[in-house]
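Novice: Model the following, please.
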Amino acid sequence: MDRRSIAVLSSGHALVDICQGSVPALIPFLIARRGYSYSEATALILVMTFSSSLLQPLFGLITDRRSISWLLPGGILVGGLGIAAVGAVSSFPLTLAAVAVAGIGVGAYHPEGARNANYVAGTKRRATAMSLYAVGGNAGFALGPVIVTTLVLTLGLGGLVWFAVPMAIGALLLFLELPRIDALRLETIAASADRAGKSGKDRWLPFTGVATVAGFRSATYFGLQAFVPVFMITEMGTTDAVGNAALTVLLVAGAVGTLAGGHLADRVGTRPVLVVSLGVVVPLILALLEVTEPLAFPLLAAIGFFLVGTFSISVVLGQEYLPNRIGVASGVTLGAAIGFGGLVAWLLGLLADQTSLTTVMIVIAALPLPGFLISMLLPGENVLRQPLEEPA
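Specialist: Got it, this is the predicted structure:
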């Protein structure tokens, strides 16, 4: 495992997911300052996840045939410009369009980033390497609310235009690292081919299962992102800053869980970690409805640890089941599954407009159950051991 390459790819992953993590944190501000309804505000999450997720399998299919490394810095730059544009526009349709542009940037980065992370991970520590790559995304989701809250509380919604500056700097730095990443990827693939020849057989049935698990996990994840801040502000009487701080706790704990889950999966297997993690999330979310503000923070930390900790595991399993289509596997488990999560978050917004936030939180608590049941049926194999092939 080449740690420098993983660190660079993980840092880029953090930058694009700062863009994605910023959208849920904007919801309370857009409701309060632009008068959006719950369904309008959560539609932004739907647009973000759909504009990125629907393209990710396509990007994955393309990069399985031919590597396109410039998608990495390009995705960061486009994502940053999209979020910055939210502060420069005022109408709801233009806000949706700006978020859609950011989503395209996010979608461009993920399959190529996950492909390269798999290629430079070696053969024995793929869950660990993918967890290091994934924790960059977790960190990005956690930093997104912090950055957005700071900019909006200090400069107003118009202050979001400054969001583009660190994204442009990060894109430039990653662009300068591309030659090294490309060279290391090709060296690893050549060495793998010399040792063992062809890749293994694609297994579509278990891949469908793990993609479904990832979808329900993402639905729970995005539901919590959308409604934890609003629930705490409305039902617990906290401030906007405290509500978004709770979201940050959820995501930071998820980053810790991602690292722990990847390390543990390399030791005991991916399926046991996936099953246990999804199994404990349901009672933890239900308990959140009964506690006061001081207890909500450690409870949210536990939820984030177990729920977000399954992220890298589902990606590794998807790549294991489709060893000849690493980009497609990454695009589906990172993209289509997340798109399903965004759709569910939007539907939860409609439900909140018609019922109550408590009802929505109960529904969110039930979402991991199908993934938990399916995960118990997945083949109990550990991470990929197959050699890798470079697209022409």
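Novice: make it CA atoms for all contacts and neighbour counts henceforth
Specialist: Will do.
Novice: where does the chain have low pLDDT?
Specialist: 1-2, 63-64, 121-127, 188-200, 380-392 (pLDDT under 70).
Novice: what's the neighbour count on the closest residue to residue 342 other than its chain neighbours?
Specialist: Among residues not flanking residue 342 along the chain, residue 46 sits closest, at 4.6 Å (C-alpha to C-alpha, 6 or more residues apart in numbering). By other C-alpha atoms under 10 Å, 26 other residues sit near residue 46.
Novice: and the gap between residue 46 and residue 57?
Specialist: Between residue 46 and residue 57 the computed distance is 17 Å (C-alpha to C-alpha, to the nearest Å).
Novice: which residues are in contact with the helix or strand that contains the residue nearest to residue 342?
Specialist: Residue 46 belongs to helix 38-53 when elements are defined using DSSP states H and E. Applying C-alpha atoms under 8 Å, 6 or more residues apart in numbering, the contact partners of helix 38-53 are 20, 23-24, 27, 30-31, 96, 99-108, 226, 331-332, 334-339, 341-343, 345-347, 349-350, 352-353.
Novice: Next, the buried residues of stretch 351-364.
Specialist: 351, 352, 357, 360, 361, 363, 364 (16 or more other C-alpha atoms under 10 Å).
Novice: Can you show me the CA trace of the helix holding residue 46 as PDB?
Specialist: Extracted in PDB, the C-alpha atoms of helix 38-53 (Å, rounded to 0.1, in the frame of the first residue of the first chain):
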ATOM      1  CA  TYR A  38     -38.900  21.200   4.100                       C
ATOM      2  CA  SER A  39     -39.600  19.600   0.700                       C
ATOM      3  CA  GLU A  40     -37.900  22.400  -1.200                       C
ATOM      4  CA  ALA A  41     -34.800  22.400   1.100                       C
ATOM      5  CA  THR A  42     -34.400  18.600   1.000                       C
ATOM      6  CA  ALA A  43     -34.900  18.800  -2.800                       C
ATOM      7  CA  LEU A  44     -31.300  20.300  -2.800                       C
ATOM      8  CA  ILE A  45     -30.000  17.000  -1.300                       C
ATOM      9  CA  LEU A  46     -32.000  15.100  -4.000                       C
ATOM     10  CA  VAL A  47     -30.400  17.300  -6.800                       C
ATOM     11  CA  MET A  48     -26.900  17.000  -5.300                       C
ATOM     12  CA  THR A  49     -27.100  13.200  -5.000                       C
ATOM     13  CA  PHE A  50     -28.800  12.600  -8.300                       C
ATOM     14  CA  SER A  51     -26.500  14.900 -10.300                       C
ATOM     15  CA  SER A  52     -23.500  13.100  -8.900                       C
ATOM     16  CA  SER A  53     -24.800   9.500  -8.400                       C
END
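Novice: Pull the number of nearby residues for residue 154.
Specialist: With other C-alpha under 10 Å as criterion, residue 154 counts 10.
Novice: make that residue 349, sorry
Specialist: When neighbours are defined as other C-alpha under 10 Å, residue 349 has 25 of them.
Novice: and for the one helix or strand it maps to, what are the contacting residues?
Specialist: Taking DSSP H and E as the definition, residue 349 sits inside helix 337-354. For helix 337-354, contacts defined as C-alpha under 8 Å, 6+ apart pick out 37-39, 42-43, 45-50, 52-54, 211-212, 214-223, 226, 359-360.
Novice: switch the cut-off to 6 Å
Specialist: 38-39, 42-43, 45-46, 49-50, 53, 214-215, 218-219, 222-223 (C-alpha atoms under 6 Å, 6 or more residues apart in numbering).
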